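K.L.:
with the sequence up front, the predicted model follows.
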Amino acid sequence: MPASLPTLSPAELARYSRHILLDPIGVEGQRKLAAARVLVIGAGGLGSPAALYLAAAGVGTLGIADFDRVEPHNLQRQLLHDDAAIGEAKVESAARRLRATNPFIRVVTHADGVTAANATKLFADYDVIVDGTDNFGSRYLNNDAAFFARKPLVYGSVFKFEGQVSVFDPANGGPCYRCLFPEPPAAGTVPGCGEAGVLGALCGVIGSLQALEAIKIITGIGEPLRGRLLTYDALAQTFRSISLARDPGCPLCGATPTIRTIDAEHYSAIVCTPTPTMSDTEFPLEISVTEAKRLLDESPCGVLLIDVREPYEVEIAGVKGAELIPMRQIPENAHSFPRDEHLLIMCHHGGRSLKVTEYLRAQGYTAVSNIAGGIDAWAEQIDPALRRY
């Protein structure tokens, strides 16, 4: 933040009066908020409440980084957007809502999102980074870039009915994300919200807590979650705080670090599923939707498309000719699958279908491949007329 804090106008003093009445904040704390620059990564389920509360709180410069567009299924939890914004870039929809929320702040959009090429330089322009992303590749990238930029990272995540919040700030003696999770989980073992679902209001709880942590860091009040992981169970309505120690052996912030730069290939490898081995050359573990479409078109009699989603999902969108067998019914039906055809397994985003593919291979099926990205990628790349959800 700049050495001199901005002066607040009478209109701003009136707007933020309930903050100013709080002794630990006062006028000086509100001026610190006005001088602050906060980057919110992801204008989705967590980024929506976080950005809205940061805007309302009077954070002077609010950056929004997201490369995605608004889709109908976002609206159940992503409150920055409305029905009229469907198809619009999320950063544009978010900026419009945030500027309407508080005309005294400056909203900066980053339509390319955060990438390995721009992350460290981008983070250097902000005081606090709020991570609202939903995949492991992005979380490791954001963590590493925040470390190199020496910026506090306010972490949040949600899964079904549970959430987590922490502050990763090695520059001030705290641990980083890699101290908590040294290695990403194996591909396909942890489904995203598109596979497992997420309670919309849960995002509001966790995103709001992230905004609160950012405000505490900026104003210097209270005790940020530096060195602590706060977990929340929405069904039991309980919180739990877990102490986190900095790991001396951490490959990023430890005594003998092995990660010294941002390597784009490393983060894309986290996001993607493993590369097929040489034994999978003829029938790779995973194929793209374009390759699946080519196989179905060129060899319709030698290829069988199996959709392992639930029946209600197929009513939303489906590929003509696919055989519906929900994932839970695969074990009882596996014996009937033809061994002389190439089995292509599809689900919503590719998580469930990958598990089914691996299960069938363990049962001796070699000609079986997962369709990466599932029906969502099919709708995006093959048939835009399909409804995405």
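P.N.:
Done, it's in.
K.L.:
residue ranges of the helices in the stretch 151-300 of the chain, please?
P.N.:
Taking DSSP state H, counting those that start in this stretch, the helices of the stretch 151-300 of the chain run over residues 177-180, 193-196, 200-219, 264-271, 289-298.
K.L.:
in JSON lines: those, plus mean pLDDT and mean neighbour count.
P.N.:
C-beta: built from backbone N, CA, C; applies to glycine. Shown next, in JSON lines, are the helices of the stretch 151-300 of the chain (pLDDT from 0 to 100; neighbours: other Cβ atoms under 10 Å):
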{"stretch": "helix 177-180", "mean pLDDT": "93", "mean neighbour count": "22"}
{"stretch": "helix 193-196", "mean pLDDT": "60", "mean neighbour count": "17"}
{"stretch": "helix 200-219", "mean pLDDT": "97", "mean neighbour count": "22"}
{"stretch": "helix 264-271", "mean pLDDT": "64", "mean neighbour count": "14"}
{"stretch": "helix 289-298", "mean pLDDT": "89", "mean neighbour count": "16"}
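K.L.:
out of these, nearest to residue 130?
P.N.:
Each of those was scored for nearness to residue 130 using Cβ to Cβ, and the closest is helix 200-219 (5.3 Å).
K.L.:
can I get that closest one in CSV, CA atoms only?
P.N.:
Output of helix 200-219 as CSV, limited to C-alpha atoms (Å, rounded to 0.1, in the frame of the first residue of the first chain):
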residue,chain,number,x,y,z
GLY,A,200,-24.7,-22.9,-3.2
ALA,A,201,-24.9,-21.2,0.2
LEU,A,202,-21.7,-23.0,1.3
CYS,A,203,-19.9,-20.9,-1.3
GLY,A,204,-21.3,-17.8,0.4
VAL,A,205,-20.0,-18.8,3.7
ILE,A,206,-16.4,-19.6,2.6
GLY,A,207,-16.2,-16.7,0.1
SER,A,208,-17.3,-14.3,2.8
LEU,A,209,-14.7,-15.7,5.2
GLN,A,210,-12.0,-15.1,2.5
ALA,A,211,-13.2,-11.5,2.2
LEU,A,212,-13.0,-11.1,6.0
GLU,A,213,-9.4,-12.5,6.1
ALA,A,214,-8.4,-10.0,3.4
ILE,A,215,-9.9,-7.1,5.3
LYS,A,216,-8.1,-8.2,8.5
ILE,A,217,-4.8,-8.4,6.6
ILE,A,218,-5.3,-4.9,5.1
THR,A,219,-6.4,-3.2,8.3
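K.L.:
now do the contacts for the residue nearest to residue 222 when sequence neighbours are not counted.
P.N.:
Computed as Cβ to Cβ, 6 or more residues apart in numbering, the closest residue to residue 222 that is not its neighbour in sequence is residue 216, at 4.7 Å. Applying Cβ atoms under 8 Å, 6 or more residues apart in numbering to residue 216 gives the contacts 222-224.
K.L.:
10 Å - rerun?
P.N.:
Residue 216 makes contacts with 24, 128, 154, 167, 222-226, as judged by Cβ atoms under 10 Å, 6 or more residues apart in numbering.
K.L.:
kindly report the same for residue 174.
P.N.:
152-153, 166-168, 224-228, 244-246, 253.
K.L.:
go again with 8 Å.
P.N.:
With Cβ under 8 Å, 6+ apart, residue 174 has these contacts: 167-168, 226-227, 244, 246.
K.L.:
just the buried residues of the residues you listed.
P.N.:
167-168, 226-227, 244 (16 or more other Cβ atoms under 10 Å).
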